[in-house]
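Q: okay, predicted coordinates and the sequence, questions at the end:
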Amino acid sequence: MTVIRIPGVNNLRDVGGIPVGSGRVRSGMLLRSGHLAALSPEGQELLGGRVRRVLDLRDDTEVSSEPSMLRGVPTTRVPLFLGSVGSFFEQDLDLAGMYRHLVDDCSARLVDAVRVIAAGDPVLVHCTVGKDRTGVVVALALSAIGADRDAVVADYALTASQLPEERNRAIARYFRAHMPDARNAIQLATESPAPVMAGLLDGLDRSHGSTAAYLRAAGLSQAELNALADALVA
């Protein structure tokens, strides 16, 4: 994976280079990040020169409060959470529970997201932080084409080190002051532990046989799976 520094966007990287059998994920085809609301004019030019499609996984409220500043690049929106993001904090779910909710209750939308990647344009996938919804979509897409499991999990886990420390401290202070009984809130907002993603993917293997089979059961065709591999694998 290649971390990319562009003014005004956090947690931006290219997953190119991850092993897939005897090949690798193509560089420049699948990027991931946090939101683009603070993208500077310089950043707009730099990022716009890299991608041809944006996949935005946020809900309407998030988009309205932090609209993207990337101009001239078509955006496909696939809101992933059924219900508000805040509800996960109120329920005090842990990350594993949140991700199970995604794969159990949002499978059709996850397929829609993977279809955008399979279309073959250099694509940037993002949500608000680029950690959870983005992490799940990218991990599913990579796993469906047979990408090395350890590398997929390592890409997910990298996010925690890419989030601004002051942001994380501010979030921790907020939750300790306003939701002191929420045991999992800080983890939900700031962490990306490798065992959580490994557990999610292993669970799909147990329940469906593979990530590809999970996506097929949710509506992705074999032709679309083939297109995903053609788009991503060099």
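A: It's in. Residues are numbered from 1 along each chain as shown.

Q: for this protein, give me the ranges with low pLDDT.
A: Within the chain, the segments meeting pLDDT under 70 span 82-90, 174-182.

Q: ok, the most centrally placed residue in it to residue 156 distance?
A: Against the mean C-alpha coordinate of the chain, by CA atoms, centre = their mean, the closest residue is residue 134 at 1.1 Å. Residue 134 sits 9 Å away from residue 156, going by CB to CB, to the nearest Å. In this view, the C-beta of every residue, glycine as well, is placed from N, C-alpha and C.

Q: any idea how far residue 104 is from residue 155?
A: For residue 155 relative to residue 104 (CB to CB), the value is 23 Å.

Q: neighbour-wise, which of these two wins?
A: A count of neighbours by other CB atoms under 10 Å puts residue 155 above the other of residue 155 and residue 104, at 24 against 9.

Q: which other helices and strands contact the helix or strand the more buried one falls within?
A: Assigned by DSSP states H and E, residue 155 belongs to helix 149-157. Applying 3 or more CB pairs under 8 Å, 6 or more residues apart in numbering; DSSP states H and E, we find helix 149-157 packed against helix 133-144, helix 194-208.

Q: if I look at residue 211, how far off is residue 203?
A: Distance, residue 211 to residue 203, using CB to CB: 10 Å.

Q: just give me the neighbour total for residue 40.
A: Neighbours of residue 40 using other CB under 10 Å come to 14.

Q: kindly apply the preceding question to residue 220 instead.
A: 25.

Q: which SS class is it?
A: Using DSSP: H, G, I helix; E, B strand; the rest coil, the structure places residue 220 in coil.

Q: what segments of this protein are strands?
A: Here the chain has its strands, by DSSP state E, at 2-3, 13-14, 19-20, 23-24, 30-33, 53-56, 75-77, 123-126.

Q: Serialize these to CSV and add fields for distance to residue 161.
A: Formatted as CSV, the strands of the chain follow (distance: least, CB to CB, whole Å):
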stretch, distance to residue 161
strand 2-3, 9
strand 13-14, 11
strand 19-20, 21
strand 23-24, 23
strand 30-33, 14
strand 53-56, 23
strand 75-77, 27
strand 123-126, 18
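
Q: who wins for proximity to residue 141 among those strands?
A: Closest of the strands of the chain to residue 141 is strand 30-33, at 7.1 Å (criterion: CB to CB).

Q: convert the closest one to CSV, retaining C-alpha atoms only.
A: Below are the C-alpha coordinates for strand 30-33, written out as CSV (Å, rounded to 0.1, in the frame of the first residue of the first chain):
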residue,chain,number,x,y,z
LEU,A,30,-8.3,1.6,-6.1
LEU,A,31,-7.7,4.5,-3.7
ARG,A,32,-9.3,5.0,-0.3
SER,A,33,-9.6,7.9,2.1
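
Q: which strands and helices sit next to it?
A: Helices and strands touching strand 30-33, by 3+ CB pairs under 8 Å, 6+ apart, are strand 13-14, strand 123-126, helix 133-144.
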